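> here is my input; please provide its structure:
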Amino acid sequence: MFINDDRRKILTHSAGIVQSIHFIALLVDLKYILHEGSPLLLAPAPEMGWSSIQFMALVIMGSIDMLLILGFAAYFWMTYRKHAYTRRMGVAVLSGFQVTALAYCFVILPSQAMVAHPFNYTVISLAFIPVFLLWASLLRDEIQNTL
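Numbering: from 1, shown residues only. The predicted structure follows:
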């Protein structure tokens, strides 16, 4: 898939919007976790609820994602400053998101939460497509430039 600079700008802005919403949703979930003991938006519980290990894994992933979102904000800023390491920063931060997304799947899929809340998890999955496409584009360019 060929992504030129204009398409990459669109992907960067789309991913920025997704990450902004992600950050707000993580903050709302943090509030619900502190006050009610369970997340509301990003990981609705399966019918039997979350096990303590699953719950802690979700909290840890959310914490890591908050740090990665700050890293993405730095990447976004670097794209406008035309910094020499912009692409590497993007690859690093977006690779972190891929790792947490994979870990999220390892928690969500066995729990049957997707069966209980298919709409929620479909929206979450579709929303992160621009993040994945931007990562794939930056990674491809980084690999080509190092060869």
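> going by C-alpha atoms from here, please, whenever you check contacts or count neighbours.
Fine.
> most centrally placed residue in the chain?
With distances taken as C-alpha atoms, centre = their mean, Phe97 lies nearest the centre of the chain, 4.7 Å away.
> longest helix in this structure, please.
The residue-count maximum for a helix in the chain (DSSP state H) belongs to helix 5-36.
> other SSEs contacting the following helix or strand past it?
Per DSSP states H and E, the first helix or strand lying C-terminal to helix 5-36 is helix 52-81. In this structure, helix 52-81 makes packing contacts with helix 5-36, helix 86-111, judged by 3 or more C-alpha pairs under 8 Å, 6 or more residues apart in numbering; DSSP states H and E.
> change it to 6 Å
If you count contacts as 3 or more C-alpha pairs under 6 Å, 6 or more residues apart in numbering; DSSP states H and E, helix 52-81 packs onto helix 86-111.
> picking up where we left off before, quick one: the longest helix of the chain to helix 52-81, angle?
140 degrees (axes from the mean of the first three to the mean of the last three C-alpha atoms, to 10 degrees).
> how far out from the middle of the chain is helix 5-36?
With C-alpha atoms, centre = their mean, to the nearest Å as the basis, helix 5-36 stands 8 Å off its chain's centre.
> what is the mean pLDDT for it?
Averaging pLDDT along helix 5-36 gives 92.
> and that helix, what's buried?
Buried residues in helix 5-36, defined by neighbour count with 16 or more other C-alpha atoms under 10 Å: 8, 11-12, 14-16, 18-20, 22-23, 25-26, 29-30.
> what of stretch 90-109?
90-97, 100-101, 104, 107-108.
> name the nearest of those relative to Phe72.
Val93 (6.1 Å; C-alpha to C-alpha).
> may I have the residues that are in contact with the closest one?
Val93 makes contacts with Leu68, as judged by C-alpha atoms under 6 Å, 6 or more residues apart in numbering.
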